[in-house]
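Participant: Fold the stuff below for me.
(2 chains)
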There are 2 protein chains.
Amino acid sequence: MAVRFEFVDGELIVNDLISVQALDKGFFGTEYEGKKTELKLMPEEALYLMDVRNAECYRKGKSISFNQVASKFQGKKFLARYFCYRDWRDRGIIARSMEEASGNYGRSPIQRYPFQEFTCPKIKSRGLFFYDDLMSVIDEEAEGMELYEKHWFGQWGTYKAKKHGRLLKLDAYETLFLTRHGGYRLNIKEKRFVKEATKRRPDFLSLYEVYEDWRLRGFVLKTGFKFGTHFRVYFPGASPSLKGDEWVHSKHVIHVFPRESKMLISEWARAIRVAHGVKKTFILAIPGAKKESPSELDFLLYHRKKGVIETPKEDKPKFVMLALSEEEEIGGEELAGAIEKAKEFGLDLILAICDRETSITYYRVKRIELPKSKYEYYEIEWKQP
Amino acid sequence: MAVRFEFVDGELIVNDLISVQALDKGFFGTEYEGKKTELKLMPEEALYLMDVRNAECYRKGKSISFNQVASKFQGKKFLARYFCYRDWRDRGIIARSMEEASGNYGRSPIQRYPFQEFTCPKIKSRGLFFYDDLMSVIDEEAEGMELYEKHWFGQWGTYKAKKHGRLLKLDAYETLFLTRHGGYRLNIKEKRFVKEATKRRPDFLSLYEVYEDWRLRGFVLKTGFKFGTHFRVYFPGASPSLKGDEWVHSKHVIHVFPRESKMLISEWARAIRVAHGVKKTFILAIPGAKKESPSELDFLLYHRKKGVIETPKEDKPKFVMLALSEEEEIGGEELAGAIEKAKEFGLDLILAICDRETSITYYRVKRIELPKSKYEYYEIEWKQP
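Facilitator: Model prediction:
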């Protein structure tokens, strides 16, 4: 017999004893007003039971439809929440209300990155800045070649053929870095340079902050254009020369998401997708000072250990879910807030994205510790739950 | 002996006879003031010769450097133009000034797409629209299933498991299409619906226009979220059922670029990259009415035929190049203008993008004819010249 429940005073209550027992065993619902004989369902649970388990909902003795129930709970991204909940449960694993979360579960491991002090060389040549290209050129051969060979600043010669050509081309981030740390002089003052660059791309200083932060810790950052991101990253000690017969390959890319900016989830996911397609670890950077931002998380997630599902009875939750939809906008600040809140519970954040066909994609957010940095970085990993 | 030339009155002139002969043979420079004994170089040609062929430039008898010459020609995306020119020449093929272009070369083939009249079914059920999710749900099982099975509107049941679940979920484009063409009724008026959707994403109506245009010509458009684009496309006759044991796979994706919007080249290229990574043909849509927009093209390109390089002496040009840089913004209108101008020459447009390391990526733009459509569509294809 299918489960049945009642819609009473805006709440979804199960009081039929067989239904109560079946649902409690399946980790649906919570005790209603302290009575073990009745269960209260979250709207997502009720709709799930109606949608895929043929449950029936009654109001004043009459059966009502999915839309009739759902229309009572319209609100912030309701369908996205529902379909994300549904997908998790469809995989045989358990999702519960955030209201059950308490304390710190200690299940959010930190990725520790290396560190190497960086001393910037002093630049003697005067460079020519090209306003419309946001690049500068050093045409003094010996110094240009050394900056490239020793410190991997700019591009000497030709990409993957450094002996072809005799110029050092520096991008806007390298140019500003060398201006600030290496006394690099140009046909333009630093202040005007920043103004020009910001006119072109309003997020220029956010990108620069991230560039500088990693560079000062010994990493080499170059354009991530070919991988659809802002930077690709080489770990301390990397050089632009062939190692044996092989080019050194970057394994990480960085995407910068300024706190004050907003982005469609579909555009954001696109950036992760390219990185994933080329098998690079996607690093999200949220530079700038932390603010208090109200952020809501959607579900407390249990997962599996050694192939066996975790349950609220025997295990601690493993993740928290933020449910999003393809056509929703998210702000850097909002995302940082959600990650922070997950951290307080000692859990990793799972971003669940519901597309226009209600298919769900999951990304796991792992915290990175970059020694001595004041900013926040996260590895974002595509996840099959 | 290396080539030498003079910088005189803002022009770059070769008058040394050996240099003139060598350069003319290599398709550099044009006759200067009708004299065959002197050549005038484009700045890009002059810098190319200095950068990779050890040419020397003299001013008043003194040798001057790359930056000294380049500083005289600073201007709109000068470096991007230079590095795109350089890369094309480095491949042993020829690029010339746009000034030499004249007439219609008849080398821009059109991709013809099929067509199938579409008659929209009439919808009897009333749907529930979820404001914050921009989706609507039909919970009447028989009609929902039929709309999905027969016309592939929405998602019935579960993605790739249609028997799991009993709801039809329609995205915003499908919802508006059925409202306008199938008498679909909702808990919201059409005008309010469009307002809500546009509030969420300002380009909503541009995307809808493209959706409607293709749907009315028998194509099925579904979300392209998994492929990083706005839509994926199935050709007329496609159905959501298994064919034998296989799902029908889409081979094309559509990205909508509204005329009035602007986008960083890096973001634009990212969308093409995802499509390329999953081996789909990337279709660019520029909906809305054509306007006259001033647009400049950069170089007239010769290519190869049967492995032999084409030259201005014996062949017609094959493409025109628009040189762009990674951190430049491009507008829909501007891009449409450049494509239009290339069309007037009867040539396909090549977009050459110079990244921050001066490495160049090429995309070829091919015109599509979608029967009875009033909009412009293009296949964008990554190209190794």
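
Participant: which residues are in contact with stretch A:29-44?
Facilitator: A:5, A:11-15, A:17, A:20, A:23-24, A:28, A:45, A:49, A:69-70, A:72-73, A:78, A:81-82, A:85-86, A:97, A:100 (CB atoms under 8 Å, 6 or more residues apart in numbering or on different chains). Using the backbone N, CA and C atoms, a C-beta is placed for each residue, glycine as well.

Participant: give me the subset of these touching chain B.
Facilitator: Contacts with chain B within the contacts of stretch A:29-44, counted by CB under 8 Å from any CB of the partner chain: A:70, A:78, A:86.

Participant: Tell me the residues of the stretch 201-350 of chain A that contact chain B?
Facilitator: Neighbours of chain B within the stretch 201-350 of chain A, by CB under 8 Å from any CB: A:201, A:222-223, A:225-226, A:228, A:230, A:264, A:266-267, A:269-271, A:273-274, A:277-278, A:325-329.

Participant: Buried subset of the residues you listed, written for ChimeraX?
Facilitator: To isolate the buried ones among those in ChimeraX, judged by 16 or more other CB atoms under 10 Å in any protein chain shown, type:
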select /A:201,222,223,225,226,228,230,264,266,269,270,271,273,274,277,278,325,326,327,328,329
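
Participant: Narrow the residues of the stretch 201-350 of chain A next to chain B to those in helices?
Facilitator: Secondary structure assignment by DSSP state H places A:266, A:267, A:269, A:270, A:271, A:273, A:274, A:277 of these in helices.

Participant: can you put those residues in JSON lines and add pLDDT and distance to residue A:207?
Facilitator: What follows is those, written out as JSON lines (pLDDT from 0 to 100; distance: CB to CB, whole Å):
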{"residue": "A:266", "pLDDT": "93", "distance to residue A:207": "22"}
{"residue": "A:267", "pLDDT": "90", "distance to residue A:207": "17"}
{"residue": "A:269", "pLDDT": "91", "distance to residue A:207": "20"}
{"residue": "A:270", "pLDDT": "92", "distance to residue A:207": "18"}
{"residue": "A:271", "pLDDT": "90", "distance to residue A:207": "14"}
{"residue": "A:273", "pLDDT": "90", "distance to residue A:207": "20"}
{"residue": "A:274", "pLDDT": "89", "distance to residue A:207": "17"}
{"residue": "A:277", "pLDDT": "88", "distance to residue A:207": "22"}
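
Participant: Pick out whichever of the residues you listed sits closest to residue A:303.
Facilitator: residue A:269 (21.9 Å; CB to CB).

Participant: can you tell me how far the nearest residue to the closest one once chain neighbours are set aside sits from residue B:171?
Facilitator: With sequence-adjacent residues excluded and distances taken as CB to CB, 6 or more residues apart in numbering or on different chains, residue A:269 is closest to residue A:353, at 6.0 Å. Using CB to CB, to the nearest Å, residue A:353 is found at 14 Å from residue B:171.

Participant: Just the buried residues from the contacts of stretch A:29-44, in PyMOL please.
Facilitator: Applying 16+ other CB under 10 Å to the contacts of stretch A:29-44, the buried members can be selected in PyMOL as follows:
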select buried, chain A and resi 5+12+13+14+20+23+28+45+49+69+70+73+78+81+82+85+86
